[in-house]
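Colleague: have a look at this fold, sequence not included:
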């Protein structure tokens, strides 16, 4: 039931079988969307690739703080930093 939905942002370091990850992606792909289009795209980054991506995101946030290209978005900087923190903490430990 939607009223019991919750967001979990504390992650365990358990390894997850790759098959389970693929099942989760398949389930997400059929989630409802406008006009039932399911325009989802999923990319899983891990290891050095994930670290490189997060470093790029961090540099982009820092640049936006110093030299805003999107001044209307200044109020979203703290949310962006929090999202980056959550992404750094979220493991992808596939077997």
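Modeller: In hand now; what should we look at? Computed from a prediction, not measured in an experiment: that's the story for all the values here. Numbering: from 1, shown residues only.

Colleague: where does pLDDT dip in the protein?
Modeller: Along the chain, segments meeting pLDDT under 70 span 1-2, 94-95.

Colleague: can you give me the helices in it?
Modeller: Taking DSSP state H, the helices of the chain run over residues 18-29, 47-66, 77-89.

Colleague: okay, these in a markdown table with mean neighbour count and distance to residue 6 next?
Modeller: The way it works is simple: take the backbone N, C-alpha and C, and place the C-beta from them, glycine included. Formatted as a markdown table, the helices of the chain follow (neighbours: other Cβ atoms under 10 Å; distance: least, Cβ to Cβ, whole Å):
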| stretch | mean neighbour count | distance to residue 6 |
| --- | --- | --- |
| helix 18-29 | 11 | 17 |
| helix 47-66 | 12 | 25 |
| helix 77-89 | 13 | 15 |
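
Colleague: of these, which approaches residue 8 most closely?
Modeller: Evaluated with Cβ to Cβ, those place helix 77-89 nearest to residue 8, the distance being 10.4 Å.

Colleague: just want the angle from the closest one to helix 47-66.
Modeller: Interaxial angle, helix 77-89 versus helix 47-66 (axes from the mean of the first three to the mean of the last three Cα atoms, to 10 degrees): 170 degrees.

Colleague: elements contacting helix 77-89?
Modeller: Counting contacts by 3 or more Cβ pairs under 8 Å, 6 or more residues apart in numbering; DSSP states H and E, helix 77-89 packs against helix 47-66.

Colleague: how about residues contacting the helix it packs on?
Modeller: With Cβ atoms under 8 Å, 6 or more residues apart in numbering as the test, helix 47-66 has contacts from 45, 70, 73, 77, 80, 81, 84, 87, 88, 92.

Colleague: swap the cut-off to 6 Å and go again
Modeller: Applying Cβ atoms under 6 Å, 6 or more residues apart in numbering, the contact partners of helix 47-66 are 45, 80, 84, 87, 88.

Colleague: identify the farthest-apart pair in these.
Modeller: 45 and 80 (17.3 Å).
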